[in-house]
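> Model the following, please.
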Amino acid sequence: MLKLIKYLKPFIGLIIVIIGLLYVQATFDLSLPQYMSDIVNKGIQQKGITNSVPKIISKTEFERIMIFFDQNLKTEVKSYYHILNKTNMSKITYNNKVKIYPGLNKNVLYELQDVNEKNITKINDAFQEAMIIVGWIEQKGLINIKDVNLPPGVDIFSFLQTLPQEQLAKMQKQIESSLAELPKTIIEQGTILFIEREYNNIGYDIKPSQKSYIINMGSKMVAIALLSMTASVTVGFIAAKISAGLGRNLRKDLFNKVASFSNTEFDKFGAASLITRTTNDIQQVQSLMVMLLRIVFYAPILGVGGVIKVLATDTSMGWIIVVALVAISLIVLAMFIFAVPKFKLVQKLIDKLNLVTRESLTGMMVIRAFNNEDYEEQKFNKANQDLTKVNLFINRIMALMFPLMMLIMNLITILIVWVGSHQIDKGAIQVGDMMAFIQYTMQIIMAFLMITMISIILPRATVSAGRIDEVLTVEPLIKDPQEPKKISKKIAGYINFNNVSFKYNDADEPVIKNISFVAKPGQTTAIIGSTGSGKSTIVNLIPRFYDVTTGEILIDGINIRDIKQHDLRDLIGYIPQKAVLFSGTIASNLKYGKSKAEEKELIEAARVAQALDFIKEKDKKFKANIAQGGANVSGGQKQRLAIARALVKKPQIYIFDDTFSALDFKTDAKLRAALKKFTGNSTVLIVAQRISTIINAEQIIVLEAGEIVGIGTHEELLNNCQVYKEIALSQLSKEELAR
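Modelled structure (predicted):
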């Protein structure tokens, strides 16, 4: 998989953008539980009261609280409050205030002015501490406070105001030490209750501010959720773009690499496997890349951020996360042991299924002719069932995993609620904290699950990446020379075979041995022999579809290994044994070797190839459609169009690899007669099975078991080559040969 990383180089900028967006998304997602906690704790439980600094307070309670402030703090706090009474307010203002604070009719009130958050935070702890002490004294008096003797009938707080500062501080510390054992949340809740009770005594309605707080926090949650969604959608869009671009570049390079293969590499991989690697394997890598970009960067941020948030929320339940991750790890480990090895089989089984399907579809006419549909169906069903069984096994494991994961998540939620409820009962945490803890725990588990999902998909994608890299890194046996020799298109066309032998890879014996001959321009050199004698192998060595094992092939004295493959093949008009047409039109197929050919050139080539008559019969003439593989034309028509395609190119060398076999004798004769005039001074090599096709050739090469057993004209070979004579007599009578 790492070998394909270089293909991500053009997308580095987009990947950096994705990382940034995922960080933003994770930050937003991690902030949502805290907002939810604040809504529950502060918005609902605390009635929208967010701190211990009261907005409005009676003069009595204010003065009691001031007892426990030092002189500097008293001065500062008093500067933040405004006294509300009839003497320092206009009648209209007073009446308006009474509507808000009905208790103003009975009491002098202190109202908090517009104070910034920094100052509120500064005095918050002092208010909290003082309120708890005041509340303690109001409920319990001075019980258990040492060195304090209250005279009978004296108001406690009036008495405290008369105490020396040292004695007051000493008493304050004694009360604080008694409260120290209480959880912080209890103290905070006590402060809130104090403020709430004071608001009720004043008649101040806190419901509007509570509603405002909840709406404000809820709006922030909605905005954050929308921003998180936007980041997620953008990441998905960019990840899809990168993945598609990666797939495009891989397919391009893979196709270009395959196009450079010799027949040896094609034989090694097989067409079915190359198709699978170009389609299914690249699709696997694309799918993995999308998940990598969307999850691999996101999950660690979410997981680590969740852990940090959990530790900040409450450390007493951190062990629950460990339990959850251990349980999930055991399930994932079990799945890896059973499922991952199967992933490696899937791609091989897809190769096999493609091979069987391709063979069946290509040979459908033969299958029907021999009534072997049942046998082929059994072959296909076997390959299909093998792949289906493996996929079913993997999918069942995956299907079992998700319910188990959900079960664990639900059990963990129950465990958190169970433990958290006891913590709430003790006053260690609030309900909102427990709810936030549940959310953070789920985020941590989901982050772990996302990484796990990558680990599940990774093996199959890694296999696919390895198969792709295997094709991309294979070195073709046939390469262009480092310092190629230039060869003109206006060559004479002499082809010299000097002691050429060829052996297929892993073969024990050579296919052809010690082949030596010269094919001259302006002449036809024909090659004939029994099936398997090496006729096609010889002509396939000229365009370097294979390279000679020993010996050399020269064109005008230049070794073909010293010429670029493109330049070499540009000199040759090749008509293969099996005529191949491409989807398009007749014109597009004829122009395949010369894209700028004019219509008169197409007409001339079609006339020589004896294809003009059936082309004219079509409604669209040269613009008539050709189906994939030439399925909508007959074998003879296909072969004539393949010949015309080579003729349009007008090369110096023509190679006809048994291309007249599908033609009737009359068409064959006409074509050869017209071909002789058309080719002129070009070098023509013909591989043929029929004596009538090559009878007029200037040079006939007879092969037997990969060796030349005769070279000469038809008459010469009849007299001095027994193999040729036997072939001739097997096709023509003595009288016909004599004529």
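
> going forward, measure contacts and count neighbours with C-alpha atoms only.
Fine.

> what's around Asp125, how many residues?
Look at Asp125: counted by other Cα atoms under 10 Å, it has 15 neighbours.

> Give me the contacts around the strand or helix carrying it.
Taking DSSP states H and E as the criterion, the element that holds Asp125 is helix 117-140. Judged by Cα atoms under 8 Å, 6 or more residues apart in numbering, the contacts made with helix 117-140 from elsewhere in the structure are 51-53, 64-66, 68-69, 77, 172, 175-176, 187-188, 190-191, 194.

> Now it: buried residues?
Across helix 117-140, burial judged by 16 or more other Cα atoms under 10 Å covers 120, 124, 126-136.

> Send over it as PDB, restricted to the C-alpha atoms.
Included here for helix 117-140 are C-alpha records, laid out as PDB according to Å, rounded to 0.1, in the frame of the first residue of the first chain:
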ATOM      1  CA  GLU A 117     -17.000  38.800  32.900                       C
ATOM      2  CA  LYS A 118     -13.500  39.200  34.200                       C
ATOM      3  CA  ASN A 119     -14.600  41.100  37.300                       C
ATOM      4  CA  ILE A 120     -17.500  38.700  37.900                       C
ATOM      5  CA  THR A 121     -15.000  35.800  37.800                       C
ATOM      6  CA  LYS A 122     -12.700  37.700  40.200                       C
ATOM      7  CA  ILE A 123     -15.400  38.100  42.900                       C
ATOM      8  CA  ASN A 124     -17.300  34.900  42.300                       C
ATOM      9  CA  ASP A 125     -15.400  32.600  44.700                       C
ATOM     10  CA  ALA A 126     -15.500  35.300  47.400                       C
ATOM     11  CA  PHE A 127     -19.300  35.500  47.100                       C
ATOM     12  CA  GLN A 128     -19.600  31.700  47.000                       C
ATOM     13  CA  GLU A 129     -17.600  31.300  50.200                       C
ATOM     14  CA  ALA A 130     -19.400  34.100  52.000                       C
ATOM     15  CA  MET A 131     -22.900  32.900  51.000                       C
ATOM     16  CA  ILE A 132     -22.200  29.400  52.300                       C
ATOM     17  CA  ILE A 133     -21.000  30.800  55.600                       C
ATOM     18  CA  VAL A 134     -24.100  33.100  55.800                       C
ATOM     19  CA  GLY A 135     -26.400  30.200  55.000                       C
ATOM     20  CA  TRP A 136     -24.600  28.000  57.500                       C
ATOM     21  CA  ILE A 137     -25.000  30.600  60.300                       C
ATOM     22  CA  GLU A 138     -28.700  31.300  59.300                       C
ATOM     23  CA  GLN A 139     -29.500  27.600  59.600                       C
ATOM     24  CA  LYS A 140     -27.200  26.400  62.500                       C
END
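
> which one of the buried residues of helix 117-140 is nearest Ala728?
Proximity of the buried residues of helix 117-140 to Ala728, judged by Cα to Cα, is greatest for Ile120, which lies at 114.1 Å.

> how about Gly629, what does it touch?
Contacts for Gly629 (Cα under 8 Å, 6+ apart) come out as Val580, Leu581, Phe582, Ser583.

> switch to 10 Å and redo it
Applying Cα atoms under 10 Å, 6 or more residues apart in numbering to Gly629 gives the contacts Ala579, Val580, Leu581, Phe582, Ser583, Gly584, Lys638.

> how many neighbours does the first one have?
Put plainly, it is Ala579. Around Ala579 there are 21 other residues, counting by other Cα under 10 Å.

> and if you look at the third one?
A total of 24 residues lie near Leu581 under the criterion other Cα under 10 Å.

> what do you get for the last one?
One way to gauge burial is a neighbour count; for Lys638, by other Cα under 10 Å, it gives 22.

> Can you give me the distance of it to Tyr101?
Using Cα to Cα, to the nearest Å, one gets 101 Å for the distance from Lys638 to Tyr101.

> domain ranges for this protein?
Taking automatic domain parsing as the domain assignment, the record places the domains of the chain at 52-205, 258-473, 495-571+651-738.

> Of the ones you listed, which is nearest Leu246?
It's domain 258-473; of the domains of the chain, that one is closest to Leu246 (Cα to Cα) at 7.1 Å.

> Off-centre distance for the closest one?
If you compare the mean C-alpha spot of domain 258-473 with that of the full chain, they lie 13 Å apart, counting by Cα atoms, centre = their mean, to the nearest Å.

> Now the terminal residues of that domain, how far apart.
Here the two ends of domain 258-473 are set 11 Å apart, with distance taken as Cα to Cα.

> Could you do stretch 63-75 as well?
12 Å.

> Give me the residues contacting it.
So stretch 63-75 is in contact with 57, 59, 77-79, 123, 126-135, 156-158, 160-163, 165, 168-169, 172, going by Cα under 10 Å, 6+ apart.

> Show the contacting residues for Ile214.
Ile214 neighbours (Cα under 10 Å, 6+ apart): Tyr35, Met36, Asp38, Ile39, Val40, Lys42, Gly43, Ile44, Lys47, Gly48, Pro208, Lys220.

> The fourth one should be in a helix, yeah?
Same thing as Ile39. Yes: Ile39: assigned to a helix according to DSSP: H, G, I helix; E, B strand; the rest coil.
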